[in-house]
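Participant: Need coordinates for the following:
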Amino acid sequence: MNMKKIITLVSAALVLLASIPANAQGSFGAGYLSSTVVSKTGSSSSESTPMNGFYAGIGYTVPIAGALNLTPGLYYGFATKDVALGKRQDHYINVPLHFSIGFGTTRDLRLFVYGGPNISYTLASKAIANQTSIDLLGDNAKRLDVLLGGGIGIEFIETFRVNIGYDFGMLNHAGSNNYTVKRNQLTVGAAIIF
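Facilitator: The predicted structure is shown next:
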């Protein structure tokens, strides 16, 4: 993996987040991540590999007009699964660029829905067995992905948020036309708003 590409991606995301207006609400969020890699060869049936893990990072809610907001963020994701004689471990950087619409039910409670793209970069995907690490990406694999999805959530007293969402991978990670690898993810988490 090229460290220069990782530094460039993280730097671009940090510049984006640093340019957020002063009236934006920041948040630190973390929670459960379920990542499912779906692979298919030619016209054969697809095979799913579900993995469990966590995510953590920062986000912002930027008011646009009325109840409409832009909610960008920068999150690290980790997913793992027991495989024959060892474990598979995947590491991701996710930059969601979601739009959200809030519905205030009371002064201290707000429901919201969100949706949009999530730019994802696979930092590493490895199988680890007997203290040996095998790179699962290969030379032709594509690390960059665009996921589309959305979710729902609740904010309490403008200081605490709970949400659930699902994203569908749009791009093929495999470097072959006859082989398709896509990644979907489910997130369930909480955030502290500052």
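Participant: hey, let's count contacts and neighbours off CA atoms from now on
Facilitator: Will do.
Participant: before we move on, which element is the nearest residue to residue 169 once chain neighbours are set aside in?
Facilitator: In this structure, residue 169 finds its nearest non-sequential neighbour in residue 147, 4.3 Å apart by Cα to Cα, 6 or more residues apart in numbering. Per DSSP states H and E, residue 147 falls inside strand 144-156.
Participant: Next SSE downstream of that strand?
Facilitator: As assigned by DSSP H and E, the chain's next helix or strand after strand 144-156 is strand 160-169.
Participant: Now do that following strand, average pLDDT.
Facilitator: Here strand 160-169 scores 97 as its mean pLDDT.
Participant: between that strand and strand 144-156, how many degrees?
Facilitator: 160 degrees (axes from the mean of the first three to the mean of the last three Cα atoms, to 10 degrees).
Participant: for strand 160-169, packing partners?
Facilitator: Where contact means 3 or more Cα pairs under 8 Å, 6 or more residues apart in numbering; DSSP states H and E, strand 160-169 is packed against strand 144-156, strand 179-193.
Participant: Make TSV out of the ones you listed and add mean neighbour count.
Facilitator: Listed next are the helices and strands packed on strand 160-169 as TSV, based on neighbours: other Cα atoms under 10 Å:
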stretch	mean neighbour count
strand 144-156	19
strand 179-193	19
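Participant: Out of the ones you listed, flag the one nearest residue 60.
Facilitator: Nearest to residue 60, of all those, is strand 179-193, at 8.9 Å by Cα to Cα.
Participant: ok, that closest one: who's next to it in the sheet?
Facilitator: According to DSSP bridges, strand 179-193 has the following sheet partners: strand 25-41 (antiparallel), strand 160-169 (antiparallel).
Participant: Now stretch 27-42: buried residues?
Facilitator: Within stretch 27-42, the residues that count as buried by 16 or more other Cα atoms under 10 Å are 27-39.
Participant: pLDDT and distance to residue 173 added to those, as a markdown table?
Facilitator: What follows is the buried residues of stretch 27-42, written out as a markdown table (pLDDT from 0 to 100; distance: Cα to Cα, whole Å):
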| residue | pLDDT | distance to residue 173 |
| --- | --- | --- |
| 27 | 96 | 31 |
| 28 | 98 | 29 |
| 29 | 98 | 27 |
| 30 | 98 | 26 |
| 31 | 98 | 25 |
| 32 | 98 | 23 |
| 33 | 98 | 19 |
| 34 | 98 | 18 |
| 35 | 96 | 14 |
| 36 | 95 | 13 |
| 37 | 90 | 10 |
| 38 | 90 | 10 |
| 39 | 88 | 9 |
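Participant: Relative to residue 178, which of the residues you listed is nearest.
Facilitator: The shortest gap between residue 178 and any of these belongs to residue 39, at 10.7 Å (Cα to Cα).
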